[in-house]
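Participant: Show me the folded form of this:
(chains A and B)
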Amino acid sequence: MCRTLNALQEWLQLRTRLRQEHRFHLDRAAADFESLGLSRRVARRAARERFGTRHNLRLALREIGGDWAGLAHLLRAHRVLASVWLQPAVLLAAIAAILLLSPAPRNILESMAGEALTLDSPQTVFLSVGAPWPLFNGITAPEFEALRSLPTLTAVERYRAIYVRATANGASLAAIEADARARTGNPGIRAVSQFEQRRIGMGPAAVAWALIAIFAFFSVRPHSSPFDGLRWLAYAVFAGALHALASLTAWAFAIEIWSRIAWPTHLSAALCFPLIYVAYLLSIAVQCRYWQRDLYHRCPICLERMLLTSTHGATDSVLLSMAVTESICAHGHGVLIESRWVRQFRQETSPLEALIRG
Amino acid sequence: MSREPSDGTSIGLLQGTLDLLVLRVLVAGPLHGYAISRRLGELSEDWFSIDEGSLYPCLYRMEKKGWVRSEEGRSENNRRARFYSLTKHGVEQLETEQESWRRFQLAVGRVLRRA
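Facilitator: Modelled structure (predicted):
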C-alpha cells in the first residue's frame, strides 16, 4: 500500500519536475543567445528551436512514464486495478473529500443518516415545504435568508440540505408558520416540532442490495462443502457493505449538489430534486450491473474468480468459428464458456475424479 | 537525440551512449541539466547537441538506478535548478561502461581494419 502511494506521489511530481527543468533549460539557453547579441524575442525563439518544444516535453514525459499511459501502467504493475480494496478506498476517499469540501458537512451526515445527529430540544422547530411524492420541494436560498430574519426564530440553519431547523423564541408553531409564510410569500411553508422521517437515502440502495443478494443466491449452485456456503456469505456481506458505501457516496454527492445551488423558484427546486434522485438511482443501477458482471465471472460453486481466460475464433464472425472465451475454475469445478450468444458453465470432472467415483 | 551541426554533417548517438557521456561529464562535479548539455556540446566541439527530450529522461532513469542523485540548488544567475551529481554506484557504473565502450571501439576498429 505504502509502495503504491509512493509510486503515485512520484508520478504526480514527475510532470512538475520536468516542466521546471524545461523552463530553466529554455531560460538559460535564451540568456546565452541574448549574450551573443540577439534580441530577447529572437533569443527565446532560437532557444526553443534548438532545445525544447512542448513536443519534446511530451516525449520526455512519455519516455519516463509521466503521462496517462504511464499511470495506467503503474496501476497495473502495482495490481491496484485488480485489488478488492480499490473500490472501498475510492469510496471512502470520495466521502471524505465531499465532507471536507462541503460548507455544511453536518447536513450531509444528517441526510445520510436520515435523521438529526443530536437530540432536539422541545423548542426546536422544523420548517419545510409540503410537496407530494416524488417531489421534494425545498426551501430556496431567498426563503432561507428571509427565515433567518424572523424575530420568532433563532439559530436558523439548514437541515438535510433542503429544509430548515431553528429554535423557537417562545412563539407557538401556528404563529411561526404564519410569520414564515408572510415573510417568504410562500403559502406552502409548514412548521412542525417533530420532523417527518423520509428515509429516501438508503431505501433504493437497500432494495438493490436485496436484489444482488437474490441474484447471487440463484447464481450459486448447491455444493456439499459448508465452506463454500461461508464463502458465498462473505461475498454477499462484502458486496452489500461496498454497495451501501457507494450509495452513501452517491447520496452525499447529490445532497452536496442540491445545497450548492441557489434555487430561484419553487418549481425549479421541485423539478430538480427528482432529477438528482434519478441520477442517484442510476448510480445504484450501475453498481448492480457491476456486481452482476462480477458474479458472471465467478465459479457458481465456489465463487472464486475464473482463471486462465483464453479466446479462440474470429471476433468479427457471427455464425462460423465465432469467438469463444473459456476460463476455468482454479478448484477444478468446471469451465465457463462464453460466446456472443451463449454463456454456459460446464461442470467437468478430471479423469482421476471420474475413476474414484466409478 | 543529437542534432545536425552547422556544416551539415550529422552524428547519431548509439543506444546507451548518452548514459556514458553524462556520467563522464558529471565526474567534474555537480551540474544542472543545461550545464550538462552545454558541456557535452563543448567537449564534442558541437558534434553533440543533446536536446532536453533525451537528456532529462536519461537523468531521471539514472537517478532511479542510483547512479546519480539530484538536489535542488541555485544556479549561477541565482535561479532554482536541480543539480545532478555522481553516486558511488554511478562511479562504478562509469568504469564498467567505459570498459565496455573501449571493447566495443576495439572490436569495431578490428572489423574496419581487417575487412
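Participant: And the strands in the chain, which stretches?
Facilitator: I'll assume chain A. A:124-129, A:153-159, A:163-168, A:189-192, A:307-312, A:324-328, A:335-339, A:343-346 (DSSP state E).
Participant: Let me rephrase: I mean chain B.
Facilitator: According to DSSP E, the strands that chain B contains are B:31-32, B:68-74, B:80-86.
Participant: and among the ones you listed, the most buried is which?
Facilitator: strand B:31-32 (a mean of 21; mean count of other C-beta atoms under 10 Å in any protein chain shown). For the C-beta atoms, the positions are set from N, CA and C on the backbone; glycine is no exception.
Participant: That one - what's its average pLDDT?
Facilitator: Strand B:31-32 shows a mean pLDDT of 90.
Participant: so does that strand get close to chain A?
Facilitator: Yes. Using C-beta under 8 Å from any C-beta of the partner chain, we find that strand B:31-32 touches chain A at B:His32.
Participant: ok, now how distant is A:Gly334 from A:Arg346?
Facilitator: From A:Gly334 across to A:Arg346, the span is 5 Å (C-beta to C-beta, to the nearest Å).
Participant: more neighbours, those two?
Facilitator: Applying other C-beta atoms under 10 Å in any protein chain shown to A:Gly334 and A:Arg346 shows that A:Gly334 carries more neighbours, namely 19 against 10.
Participant: Now for that one: which residues touch it?
Facilitator: Neighbouring residues of A:Gly334 by C-beta atoms under 8 Å, 6 or more residues apart in numbering or on different chains: A:Cys299, A:Ile301, A:Ile328, A:Phe345, A:Arg346, A:Gln347, A:Glu348.
Participant: Adding pLDDT and distance to A:Arg148, write those residues out as CSV.
Facilitator: Formatted as CSV, those follow (pLDDT from 0 to 100; distance: C-beta to C-beta, whole Å):
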residue, pLDDT, distance to A:Arg148
A:Cys299, 82, 60
A:Ile301, 78, 62
A:Ile328, 86, 66
A:Phe345, 81, 63
A:Arg346, 81, 68
A:Gln347, 76, 68
A:Glu348, 69, 71
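Participant: sorry, back to before: output the strands of chain B as JSON lines; include the columns distance to B:Gln105.
Facilitator: Listed next are the strands of chain B as JSON lines, based on distance: least, C-beta to C-beta, whole Å:
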{"stretch": "strand B:31-32", "distance to B:Gln105": "26"}
{"stretch": "strand B:68-74", "distance to B:Gln105": "24"}
{"stretch": "strand B:80-86", "distance to B:Gln105": "23"}
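Participant: Could I get the contacting residues of the residue nearest to the spatial centre of chain B?
Facilitator: Geometric centre of chain B, nearest residue: B:Val22, 2.2 Å, by C-alpha atoms, centre = their mean. Listed by C-beta under 8 Å, 6+ apart, the contact partners of B:Val22 are B:Ile36, B:Leu40, B:Leu55, B:Cys58, B:Leu59, B:Met62, B:Val68.
Participant: So the fifth one sits against B:Phe83, correct?
Facilitator: No. Because the distance of 10.8 Å does not satisfy C-beta atoms under 8 Å, B:Leu59 is recorded as not touching B:Phe83.
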